[in-house]
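Q: here are the coordinates; sequence isn't available:
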């Protein structure tokens, strides 16, 4: 399984979590039963990382969605943003540009017509702030 497929798995898990107040293990177990497939280590790590760092990640979402409230965003958009922001903040081996491009592709596939450009804008804003913090 390549990284793109694993990222898509992580997205599915994060999206599922927006509907259910179940433990991470229960979400993964349900996904394994429903899809009859193996969840990659990368997908598990990202999904677990999103959940462990959700407060910080959601704070970044709130700070960068000017004129919006996170509660008004679609579950797809929130899930994609969470996955991408986790990668941008905590996955050192992945360039920020790759995380952004992959998030935009997920949004194009699973979101509405405006999700991809919205997500690109939010992640671009976060990226610029991260660059300033590291300068």
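A: Perfect, I can see it now. Just so it is clear, the structure is predicted and the values come from calculations on it, not from any experiment.
Q: alpha carbons only for contacts and neighbour counts from here, please
A: OK.
Q: quick one: least confident helix or strand in this protein?
A: Each helix and strand of the chain was given a mean pLDDT (mean pLDDT, DSSP states H and E); the minimum falls on helix 24-35 at a mean of 79.
Q: could you pull out the buried residues of the next helix or strand along the chain from that one?
A: Counting by DSSP states H and E, the element after helix 24-35 in chain order, helix or strand, is helix 41-52. Of the residues in helix 41-52, 42, 43, 44, 46, 47, 48, 49, 50, 51 count as buried by neighbour count, 16 or more other C-alpha atoms under 10 Å.
Q: in CSV: these, plus distance to residue 107 and pLDDT.
A: Shown next, in CSV, are these (distance: C-alpha to C-alpha, whole Å; pLDDT from 0 to 100):
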residue, distance to residue 107, pLDDT
42, 20, 94
43, 17, 92
44, 20, 91
46, 17, 95
47, 17, 94
48, 21, 94
49, 20, 96
50, 17, 96
51, 20, 94
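Q: which of those sit farthest apart?
A: Farthest pair in the buried residues of helix 41-52 (C-alpha to C-alpha) is 42 and 51. Separation: 14.2 Å.
Q: which one's the longest helix in the protein?
A: Identified as the longest helix of the chain according to DSSP state H is helix 115-134.
Q: next one: that helix to chain centre, how far?
A: Its chain's average C-alpha position is 13 Å from that of helix 115-134, according to C-alpha atoms, centre = their mean, to the nearest Å.
Q: counting by contacts, list what it packs against.
A: For helix 115-134, the elements it packs on are helix 54-64, helix 75-90, helix 96-110, judged by 3 or more C-alpha pairs under 8 Å, 6 or more residues apart in numbering; DSSP states H and E.
Q: that one vs helix 96-110, what angle?
A: Taking axes from the mean of the first three to the mean of the last three C-alpha atoms, to 10 degrees, one finds that helix 115-134 is oriented at 160 degrees with respect to helix 96-110.
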